[in-house]
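Engineer: predicted model follows, preceded by the sequence.
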4 protein chains.
Amino acid sequence: MAAGKNTVNIAIVGMGFMGRAHSSGWLESARFFDPPVTPVLHTVYGRDLARTQAFADRWGYAHAAVAGEGLTVAGEIDLVDVLTPNDLHLPQAKAALEAGKAVACEKPLAGTLDDARAMAELARRHKAPTFVWYNYRRCPAVALAARLVAEGKLGEITRVRASYLQSWATPDVPLVWRFLKEPSGCGAMGDLNAHIVDMTRFVTGMEITDICGAATGIFIPRRALPDGSGRTGAVTVDDTSIFLARWSNGALGSFEACRQATGNFNRHGFEINGTRGALRFDFERMNELEYYDADAPRATQGWANIMCTHAGDHPYLEAWWPDAHLLGYDHTFTHQAADILRVLAGQQPTVPLPDFQDAYQTQRVLEAALIAADKKTWVAMDDVK
Amino acid sequence: MAAGKNTVNIAIVGMGFMGRAHSSGWLESARFFDPPVTPVLHTVYGRDLARTQAFADRWGYAHAAVAGEGLTVAGEIDLVDVLTPNDLHLPQAKAALEAGKAVACEKPLAGTLDDARAMAELARRHKAPTFVWYNYRRCPAVALAARLVAEGKLGEITRVRASYLQSWATPDVPLVWRFLKEPSGCGAMGDLNAHIVDMTRFVTGMEITDICGAATGIFIPRRALPDGSGRTGAVTVDDTSIFLARWSNGALGSFEACRQATGNFNRHGFEINGTRGALRFDFERMNELEYYDADAPRATQGWANIMCTHAGDHPYLEAWWPDAHLLGYDHTFTHQAADILRVLAGQQPTVPLPDFQDAYQTQRVLEAALIAADKKTWVAMDDVK
Amino acid sequence: MAAGKNTVNIAIVGMGFMGRAHSSGWLESARFFDPPVTPVLHTVYGRDLARTQAFADRWGYAHAAVAGEGLTVAGEIDLVDVLTPNDLHLPQAKAALEAGKAVACEKPLAGTLDDARAMAELARRHKAPTFVWYNYRRCPAVALAARLVAEGKLGEITRVRASYLQSWATPDVPLVWRFLKEPSGCGAMGDLNAHIVDMTRFVTGMEITDICGAATGIFIPRRALPDGSGRTGAVTVDDTSIFLARWSNGALGSFEACRQATGNFNRHGFEINGTRGALRFDFERMNELEYYDADAPRATQGWANIMCTHAGDHPYLEAWWPDAHLLGYDHTFTHQAADILRVLAGQQPTVPLPDFQDAYQTQRVLEAALIAADKKTWVAMDDVK
Amino acid sequence: MAAGKNTVNIAIVGMGFMGRAHSSGWLESARFFDPPVTPVLHTVYGRDLARTQAFADRWGYAHAAVAGEGLTVAGEIDLVDVLTPNDLHLPQAKAALEAGKAVACEKPLAGTLDDARAMAELARRHKAPTFVWYNYRRCPAVALAARLVAEGKLGEITRVRASYLQSWATPDVPLVWRFLKEPSGCGAMGDLNAHIVDMTRFVTGMEITDICGAATGIFIPRRALPDGSGRTGAVTVDDTSIFLARWSNGALGSFEACRQATGNFNRHGFEINGTRGALRFDFERMNELEYYDADAPRATQGWANIMCTHAGDHPYLEAWWPDAHLLGYDHTFTHQAADILRVLAGQQPTVPLPDFQDAYQTQRVLEAALIAADKKTWVAMDDVK
């Protein structure tokens, strides 16, 4: 950005579900927060011009253009926001970085660890501001959890358990792209565990040192082709990915992602226990954080259900509504957008933003877990670069 | 609106908390839904031109203007959205109706039953489309509850219990306007019970026939003047309002509003029981509805916690995100805005919209409860017009 | 009891559900607690000798005998435990008191306020130890609640809400005795509200000064006769009883009993809010108490779910199991039995025991509520003796 | 037992916490159930005669005697109930079996897999009735879960997750025997995971085929000696034991035991998901079972919280109280005692009882998990005999 410029021209690459979430986030960031620089919806890049133009019209982007791997970023754009499939993250981020832009990228950083490493290196070389949309850090409840841990409220952490459970992959779902290694790159591990690895690294402030066993499963090995032919094809990515982990302070824990956990839709969260307290979070009740204060008098100790909507005491809430007028999923994007704008203007974000380097660390954990499942052994993180 | 016109020019009268909620609602209605007519943020009317202009700039209104009781509505405006204090609802709605506009009005319809009756009569006389922002009907969970009752899932209703509990009115809060009859018009009864009377009338499809006793209380009778003088003044509206009600089918129930219910912030909801099932709703978990199906096999009967985010099966969800990517408070305004736009274009709303006549019925209940508390007797609804 | 005697000979009058609960309570009190005097199951009085003898054999009573109104208590009996229908409480307690016995009586104290008053007067005249089985006081969670209030943890109480919800009285249930004024004496009011009036009086340490409106309802007015004749008869007691109450410090609240609250089985409990905190209890989760500490730092305030099983910190738990090895319904009888034995030996009970005089106060509240419902007005407690 | 004999003379070996739980169970089994044979508390064997006699007096055993490894069982005893430390299970069960007695043994079956195998072989050779006190199977909620799975309500099981979390092992607890390999034999794995391995094997009706990684941890490696000397000693058993498992149908899952999971006291339970439904159980709410019926209409699908107290529909409840008059921990022993008495009389138990052979299968899983943690690899169950 030019010094003194008080707008940020934003281009998004990709549309769909994430296109809507990001666009809403950028728009709301300016209306509910007072960012030091104002986001301008400049360009949306898509695959098909007609659909891209329709998207631009609906959301208020000034321009619509077509782009694939060979993204050419217009000069007046300040930030490129990449929301394409995982295998396009590297080439598009590369193009943007080489054009001197700041880059925000959807999670996971890339479809493979090689790509992720390359992206982290490119970011370092270009000294560009980079951001990865691990948006769940920005649930006020999760941000509060991190603050409580940093304040020492948990004492020494003894146990970290996280899971991300969904149930959409029922037997009747046909063999859509999400079940295929090409093009999806990854299954439950990269899609779901990515979020909770980032979330627990963020909340605990610790790193994982060992994967103590892992398993992946394809529960429904063949599915009907979506062409209606009646034939079936093989599922080539994991439905379920679970692994055990040892953390830098010796704490043990587990991670679990499952697409066939009936009864759960978007249930991702954690329980973290320490010598002085414990925390629980469940995204399906994203406005709440549960906190057990083991320093309280024993007669009244209990899991306190904190409604994380207290302006002034809970992150981001000063921008919103009176107490317990709940926030929703999309507001986590608003929060991230507002924080990115602050960082671009040289200010501190409310909650630290993961850059490419940070997201690469998360990716190493996922890769190590896949190796552990494949080799049926423990894997030391030091052996995975 | 002119026939064939595919935009609706909207003016809001008032700003503040509700101004933000409504503006966000109108904007999002066009982005997330596909309304048959497009809302245009035309004018915001405020008390102070500088602040009104700043609000218009932030939210994208084309015009800013000053207005009080003597509202003069510009000709090209189609809908006037009134968000001012209760005592201004009547004069401003009157001005808008007489100018031939559609009117949307914040709840409660008015500060007094006389005003509410006058507004209902004006609406009838002008044959104008009118709407009242009982937005909580449009929580998908509440709308689902109404649908389940209409389908007969509860059988005959035996019990209706509703409460709206807050806790902000602690002893240290000074004597702000909300504690004074002038200008607030009403205390907990009009502010809070209004919502749950509308909500239960909507969900049950029944009317209240008798107030079977009521009480109001001012728990903290004097508060510090906000001028810092150290002097105190008398609180002149109720902190707490409770009443018992008999419904048209003989079911009994209670309503309760309290501003000093420590531990509750915006906890409004209901439990409705019938011969075949029961429903529970708590706004502090607004994405969930609890349903007890007494027709299920007895061994597996239980309160089912329904995550009301299933696109296709739950109202409004087709416009939003994948399952269990939660909605928040502001989305109820988006839903109401989208429904108003449908009605203005001659279509059916997803969920029925209360008009002035309907909101007048709610107001009669509140008035009857105040009379019952004052006279320490039962009051038949037929005696309150 | 003779001075220095270290056993207490117990006679129960009545069998059935309560006979089992009391017998279990007396037996367990000696095994799990170390009462200063040992309970001896001496005699069971029933209506039919064969069934009474079978009950005695099963539970280990030394004697079985027949008794009705004209109870004649054997000389060596120390305590008469009355579990018969409400209309027998007065004559049987009278006989026991006149024979110089201590008397424990099931709740409510009597079927009518006249009987209750007479019993309280008899107890005073005979200076006998009397006890009423309001056993729910002795849930550790309820006892803890009372202790927290007494310690000032709630500050000034602003709101008291209690309800007792069941659902067994479905339309298909025939016209059994519980639906008839003769012999049951009372419906939901005396059967259910009795418990929660005692419970809230106990927990708050306050008294009710006014009934601010009340209503009773018979939702299903006629039911099939149980004789299989196909004919129906009229239900003559209330299915539902609700009333509003003002407490001695000005706090408002409500009580509600309902036999047709589908989805609830034995859900009795309360929410009590004060200026410094709040408490919630639900018997269907009787091992838990919820406590909101409004003095805690605002960022971490929340409803703490206290597992009330901490020996040393929670009442009665020192006698039982390790933490969170839950207690059940019948243990509340064990607790009351242990406390009665302490009192008979001149020691302090863990939790205060209601005597006839105390239970008479509860009965006055129920009577006042029935009057308020009948007259459709408020009723001052001072006017009900 | 002699044919036609209608009593069972019972001896317990051991006292303490389990002595109380078992004695209460035997006594209550006869009072609340109608067992075909009546249990007689014949003898308690302890280490110290005075304390053993006191225990016998309190609980009503006719005889008290001293016994160690060299147990000599009196001739008239029918069933020996072994509650001693794990290393005594084998010699005492052996003595009882060789004397021709039926044997009930506390869990885990033994401290080592060798002992467990020997016990299973002895039981087979002597053709004696044997029972292991995996009492949690007999929570009505757990028994209901097993029934629902057997009825096909879950369809094909895709995921099995179980954990047993406690928090008593805080840093200030001294080096008591539970932290030492000698004499405790095992740490969290044998003490806690044993229960949930049995519970999930029972509920799913499946067996584990592979341990897919495991880890154990000693979070606090040294603790103060309990002698007050100020010196410390090494903890020699695991505080935490976690492992991943593959089940016979390919489902994946995890097991976790932890003694330092702050905020959890006796929280053991499971979530089991299948293609048609799911189940959740948490012992800290032992009267409840959560069931998700994925065959229900999608609009009303939800986790149904089943209050498992419906006599006639829920196992064991016909013996107890009206609905939602909760059961507690000790009643699971009553249920097991009642079932053992039925089996001894040639009848079917309400819920299958694990015998030594069955408990040996559970023990193999625990052993395999310890091997997996030690070798840092997967372990096939077929390789562990």
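Structural biologist: Perfect, thanks for sending it.
Engineer: which pLDDT value goes with the residue in the stretch 151-300 of chain A that chain D sits nearest to?
Structural biologist: With Cβ to the nearest Cβ as the measure, A:Gly213 is the residue of the stretch 151-300 of chain A nearest to chain D, at 1.2 Å. The C-beta positions use only the backbone N, C-alpha and C, and glycine is treated the same way. We have a pLDDT of 98 for A:Gly213.
Engineer: how about A:Ala3?
Structural biologist: 54.
Engineer: pretty sure A:Ala296 belongs to a strand, no?
Structural biologist: No. According to DSSP: H, G, I helix; E, B strand; the rest coil, A:Ala296 belongs to no strand; its state is coil.
Engineer: circling back: test my guess that the residue of the stretch 151-300 of chain A closest to chain D contacts A:Trp378.
Structural biologist: Yes. At 6.3 Å, A:Gly213 counts as touching A:Trp378 under the criterion of Cβ atoms under 8 Å.
Engineer: if we can go back for a sec, just the CA atoms from the strand or helix carrying the residue of the stretch 151-300 of chain A closest to chain D would do, formatted as PDB, please.
Structural biologist: A:Gly213 belongs to strand A:208-217 when assigned by DSSP states H and E. Extracted in PDB, the C-alpha atoms of strand A:208-217 (Å, rounded to 0.1, in the frame of the first residue of the first chain):
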ATOM      1  CA  ILE A 208       3.500 -30.600  19.100                       C
ATOM      2  CA  THR A 209       6.700 -32.600  19.300                       C
ATOM      3  CA  ASP A 210       5.500 -36.200  18.400                       C
ATOM      4  CA  ILE A 211       2.700 -37.900  16.700                       C
ATOM      5  CA  CYS A 212       2.100 -41.000  18.900                       C
ATOM      6  CA  GLY A 213       0.200 -43.100  16.500                       C
ATOM      7  CA  ALA A 214      -2.400 -42.300  13.800                       C
ATOM      8  CA  ALA A 215      -5.000 -44.000  11.700                       C
ATOM      9  CA  THR A 216      -7.100 -43.000   8.800                       C
ATOM     10  CA  GLY A 217     -10.100 -44.800   7.400                       C
END
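Engineer: determine the set of other helices and strands touching that strand.
Structural biologist: If you count contacts as 3 or more Cβ pairs under 8 Å, 6 or more residues apart in numbering or on different chains; DSSP states H and E, strand A:208-217 packs onto strand A:240-247, helix A:356-375, strand A:379-380, strand D:208-217, strand D:240-247.
Engineer: could you export the ones you listed as CSV, including mean neighbour count?
Structural biologist: Converted to CSV, the helices and strands packed on strand A:208-217 look like this (neighbours: other Cβ atoms under 10 Å in any protein chain shown):
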stretch, mean neighbour count
strand A:240-247, 27
helix A:356-375, 22
strand A:379-380, 18
strand D:208-217, 25
strand D:240-247, 26
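Engineer: so which of those gets nearest D:Leu144?
Structural biologist: strand D:240-247 (20.8 Å; Cβ to Cβ).
Engineer: strand partners (parallel or antiparallel) of that closest one?
Structural biologist: Here strand D:240-247 is paired, per DSSP bridges, with strand D:208-217 (antiparallel), strand D:252-258 (antiparallel).
Engineer: buried stuff in stretch A:24-32?
Structural biologist: Neighbour-count burial for stretch A:24-32 flags A:Ser24, A:Gly25, A:Trp26, A:Leu27, A:Glu28, A:Ser29, A:Ala30, A:Arg31, A:Phe32 (criterion: 16 or more other Cβ atoms under 10 Å in any protein chain shown).
Engineer: does chain B have contacts with it?
Structural biologist: Yes. Using Cβ under 8 Å from any Cβ of the partner chain, we find that stretch A:24-32 touches chain B at A:Ser24, A:Leu27, A:Glu28, A:Ala30, A:Arg31, A:Phe32.
Engineer: just give me the closest of those to A:Ala319.
Structural biologist: Out of the residues of stretch A:24-32 next to chain B, the member with the shortest distance to A:Ala319 (by Cβ to Cβ) is A:Phe32, at 4.5 Å.
Engineer: that closest one contacts A:Glu318, correct?
Structural biologist: No. The pair A:Phe32 / A:Glu318 is not scored as a contact, 9.7 Å apart, by Cβ under 8 Å.
Engineer: and for chain A, the residue most distant from the center?
Structural biologist: Centroid-distance maximum for chain A: A:Ala299 at 39.2 Å, with Cα atoms, centre = their mean.
Engineer: spatially nearest residue to that residue, not counting backbone neighbours?
Structural biologist: C:Asp313 (4.1 Å; Cβ to Cβ, 6 or more residues apart in numbering or on different chains).
Engineer: mind listing what that neighbour touches?
Structural biologist: A:Pro297, A:Arg298, A:Ala299 (Cβ atoms under 8 Å, 6 or more residues apart in numbering or on different chains).
Engineer: centre-most residue in chain A?
Structural biologist: So for chain A, Cα atoms, centre = their mean, it's A:Tyr134, sitting 2.5 Å from the centre.
Engineer: wait, what's in contact with that one?
Structural biologist: A:Lys107, A:Ala194, A:His195, A:Asp198, A:Met199, A:Phe202, A:Pro354, A:Ala359, A:Thr362.
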